[in-house]
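K.L.:
With the sequence up front, the predicted model follows.
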Amino acid sequence: MSDGRRVSKAVIPVAGLGTRFLPATKAIPKEMLPVVDKPAIQYVVEEAVSAGLSDVLMVTGRNKGALEDHFDRSWELEQALEAKGDEFRLERVRDAAVLADVHYVRQGDPKGLGHAVLCAARHVGDEAFAVLLGDDLIDARDTLLETMLEVRAEHGGSVIALLEVPADQVQLYGCAAVDPADQGSDVVRVTGLVEKPAPQEAPSNLALIGRYVLDPAVFEVLRRTGPGRGGEIQLTDALQELAGMPAEDGGGVHGVVFRGRRYDTGDRLSYLQAVVQLAEGHPEFGKEFAEWLRSRT
Ligand code: G1P
């Protein structure tokens, strides 16, 4: 286990096929679908960077080249905008390229989220690191990841993000069993985890959302984790084992109960809702858009 508590790297798994959005995602990665005026993935990278994690590793797969292009310079585009004197757009185009130090590793076989995280082992080394899932967007005004990093600095081990969901939705998520929180605290000790439980088997209504701060001990656990729900190697199963391991071996899991604004871009309906909510808050045209929306109802 690592005793260093510094976290500097973020891992973003992006190898998924995006089947829920077909045919829109037939030729472009789902992470490149626009959310108002930026691809969804850019919000996630911005969140990592604003929490101080500017070393970003994307775990990619086939047909994900557009992601690499997006976070690279685009000389032709920049020259064309420069020639036009369009400084505003020029800056926006450059932003994505200079935002973070982005690295890529391929997940050859789609064997699940746990396997995607394991693909990051060599790049991450023996340091704690964050994992951000692209389907969950956290409002830039809320500081979930920063709080999780503080909890890691205080307690060591791993940290997960939890959201209270209606009982009938728990089966869509990983679900946590926790010790009761201290009065007024949103930090809980996690005693068990189960991936997508049937409602009657769910230990609580606390769902895992897609932000994790993981002790590097997770890699050793993932290497011996067999296929779980859906035949995939589940990160939730590895966390379940970490929760039962002693602190000196990198074990222990805490949860931060998130009460801020989260936008789910994982399916078509919630994606549209996320777009509308973020568009309403857009600094340039949010007010006008919100007025137009109200005028239709
Ligand atoms: C994954 C995790 C699940 C978690 C969810 C959050 O599931 O396996 O534990 O609750 O992300 O978005 P997926 O949505 O990829 O099926």
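P.N.:
Perfect, I can see it now. Residues are numbered from 1 along each chain as shown.
K.L.:
Spell out the residue ranges of the strands in the chain.
P.N.:
9-13, 34-35, 38-39, 55-60, 101-106, 129-132, 136-138, 158-164, 174-178, 187-195, 206-214, 253-257, 262-264 (DSSP state E).
K.L.:
which one of the ones you listed lies closest to the ligand?
P.N.:
Counting by CB to the nearest ligand atom, the ligand lies closest to strand 174-178 out of those; the figure is 2.6 Å. (C-beta placed from N, C-alpha, C; glycine too.)
K.L.:
So that closest one, near the ligand or not?
P.N.:
Yes: if you take CB under 6 Å from any ligand atom as the test, strand 174-178 does meet the ligand, through G174.
K.L.:
Return the set of buried residues in stretch 35-47.
P.N.:
Neighbour-count burial for stretch 35-47 flags V35, V36, K38, P39, A40, I41, Q42, Y43, V44, V45, E46, E47 (criterion: 16 or more other CB atoms under 10 Å).
K.L.:
Then stretch 255-267?
P.N.:
Judged by neighbour count using 16+ other CB under 10 Å, the buried positions of stretch 255-267 are G255, V256, V257, F258, R262, Y263, D264, T265, G266.
K.L.:
Likewise for stretch 28-37?
P.N.:
I28, P29, K30, E31, M32, L33, V35, V36.
K.L.:
Contact partners for the closest residue to R223 other than its chain neighbours?
P.N.:
Using CB to CB, 6 or more residues apart in numbering and skipping the chain neighbours, the partner closest in space to R223 is L118 (6.8 Å). By CB atoms under 8 Å, 6 or more residues apart in numbering, the residues touching L118 are F219, L222, R223, I233.
K.L.:
try G230
P.N.:
G112, K196.
K.L.:
what about the residue nearest to E280 when sequence neighbours are not counted, how many residues close to it?
P.N.:
Distances taken as CB to CB, 6+ apart place A290 nearest to E280, at 4.5 Å, with adjacent residues excluded. Applying other CB atoms under 10 Å, we find 15 residues neighbouring A290.
K.L.:
Hmm, Q277 and A290 touching each other?
P.N.:
No: between A290 and Q277 no contact is recorded; they are 10.1 Å apart, counting by CB atoms under 8 Å.
K.L.:
Helices along the chain, start to end?
P.N.:
Using DSSP state H, the helices found in the chain span residues 40-50, 65-70, 75-84, 87-98, 113-118, 121-124, 144-155, 217-223, 235-243, 268-280, 286-296.
K.L.:
what does the shortest one contact?
P.N.:
When contacts are defined by CB under 8 Å, 6+ apart, helix 121-124 is touched by residues K9, V11, L57, H103, V105, P216, F219.
K.L.:
centre of the chain versus it, how much separation?
P.N.:
When distances are taken as CA atoms, centre = their mean, to the nearest Å, helix 121-124 is centred 18 Å away from the chain's centroid.
K.L.:
How about the fifth one?
P.N.:
Relative to the mean C-alpha coordinate of its chain, helix 113-118 is positioned 13 Å out (CA atoms, centre = their mean).
K.L.:
Which two of the buried residues of stretch 255-267 have the greatest separation?
P.N.:
Across these, the longest distance by CB to CB is 22.7 Å; it joins G255 and T265.
K.L.:
Pull up the residues of this protein that are close to the ligand.
P.N.:
113, 133, 135-136, 173-174, 195, 207-210, 234, 236, 266.
K.L.:
which ones are touching P227?
P.N.:
Neighbours of P227 in contact, by CB under 8 Å, 6+ apart: K111, G112, I233.
K.L.:
burial measure for the last one, as a count.
P.N.:
Other residues within reach of I233, judged by other CB under 10 Å, total 22.
K.L.:
Excluding residues flanking it in the chain, which one is nearest it?
P.N.:
Closest to I233 by CB to CB, 6+ apart is G114, at 3.7 Å.
K.L.:
Also the first one?
P.N.:
Closest residue to K111 apart from its sequence neighbours, by CB to CB, 6+ apart: I233 at 5.3 Å.
K.L.:
Give me the local confidence score for that neighbour.
P.N.:
Per-residue confidence (pLDDT) for I233: 97.
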